[in-house]
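J.: this one's structure only:
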């Protein structure tokens, strides 16, 4: 058994304030026994306009990366640090004008264990609101699925819009993932329609736990986000969930349940198409 928490935040234009609020909930989750904590997508630099400049500032352990390392080390927990705009280790600002939307995983010693570069970028027209989103204006597409072994189990990394692409989660499962994490900033319009539906679908399809940590603020005049952070078990049941407020949720993860379900209902072995 392990305890995993998802933190839900209402981000502002002040990165320092955003980190201070996150620190409070990380501490509360740690005190509740969380061994792995998942933060929302893009919560630190929420209203930043120049992602290239942010990536330059974070390249050498900037404000956010230093914070994440200290928090994981202080509380001796593993931390999925939402996302940051980061350049690939092999590139610099001179090589490209765009960073990757990168989700970092920290271990309990404060070390960056893996970096997942978001594969699917949110370039859509949301018909309900008439708003156009184009993440590819600011980011490059990642290309590689990423999993990591943690004390809580094998974690598959994903971010927000990735949830609409089940083939990614199949690949993560084939690489051993038992727990899928999805830091997100799901819009209020799409979140109301599809957020929890997608979390539960990915859990059921792969007989895996799914942890969705979302930004909230449905009343935001320009960028409303849905909230609704949730932890889903491999049978699609909601173990914990939030509405539209800041805070955290926590749930027990039992990997024997994953193993039992995959053994009794071997849908992953029964696939006829690939």
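T.: Structure received. Small disclaimer: the values here were computed from a predicted structure and weren't measured. Residues are numbered from 1 along each chain as shown.
J.: What count of nearby residues applies to residue 147?
T.: 22 (other Cβ atoms under 10 Å). Where you see a C-beta, it was placed from the backbone N, CA and C, and this is true even at glycine.
J.: quick one, what contacts it?
T.: With contacts defined as Cβ atoms under 8 Å, 6 or more residues apart in numbering, residue 147 is in contact with 114, 154, 155, 156, 157, 172, 175, 176, 177.
J.: Likewise for residue 129?
T.: Counting by Cβ under 8 Å, 6+ apart, residue 129 makes contact with 187, 189.
J.: so what does the longest helix along the chain touch, helix or strand wise?
T.: Longest helix in the chain by number of residues (criterion: DSSP state H): helix 15-31. Applying 3 or more Cβ pairs under 8 Å, 6 or more residues apart in numbering; DSSP states H and E, we find helix 15-31 packed against strand 2-8, strand 36-38, helix 63-75, strand 247-253.
J.: Turn those into a markdown table, columns for distance to residue 89 and mean neighbour count.
T.: Listed next are the helices and strands packed on helix 15-31 as a markdown table, based on distance: least, Cβ to Cβ, whole Å; neighbours: other Cβ atoms under 10 Å:
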| stretch | distance to residue 89 | mean neighbour count |
| --- | --- | --- |
| strand 2-8 | 27 | 26 |
| strand 36-38 | 23 | 28 |
| helix 63-75 | 13 | 19 |
| strand 247-253 | 31 | 20 |
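J.: Out of the ones you listed, which gets nearest to residue 198?
T.: Among the helices and strands packed on helix 15-31, strand 2-8 comes nearest to residue 198, with 14.9 Å by Cβ to Cβ.
J.: Work out the sheet partners of the closest one and label each with its direction, please.
T.: strand 36-38 (parallel), strand 247-253 (antiparallel) (DSSP bridges).
J.: could you pull out the helices for the stretch 101-250 of the chain?
T.: 166-174, 188-190, 196-206 (DSSP state H, counting those that start in this stretch).
J.: So which of those helices is nearest residue 148?
T.: helix 166-174 (10.6 Å).
J.: so where is this protein shaky, pLDDT-wise?
T.: Across the chain, residues meeting the criterion (pLDDT under 70) sit at 90-95.
J.: coming back round to it: which positions in the longest helix of the chain come out as buried?
T.: Buried residues in helix 15-31, counting neighbours by 16 or more other Cβ atoms under 10 Å, are found at 15, 18, 19, 21, 22, 25, 26, 29, 30.
J.: Format those residues as a markdown table; extra columns: distance to residue 208.
T.: Below are those laid out as a markdown table (distance: Cβ to Cβ, whole Å):
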| residue | distance to residue 208 |
| --- | --- |
| 15 | 32 |
| 18 | 29 |
| 19 | 30 |
| 21 | 29 |
| 22 | 26 |
| 25 | 25 |
| 26 | 24 |
| 29 | 21 |
| 30 | 24 |
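J.: on that earlier part again, and the strands paired with strand 2-8: which comes nearest residue 7?
T.: strand 247-253 (4.6 Å).
J.: and the angle for the helix or strand just after that closest one with strand 2-8?
T.: Downstream of strand 247-253, the next assigned helix or strand under DSSP states H and E is helix 255-264. Angle between the axes of helix 255-264 and strand 2-8 is 100 degrees (criterion: axes from the mean of the first three to the mean of the last three Cα atoms, to 10 degrees).
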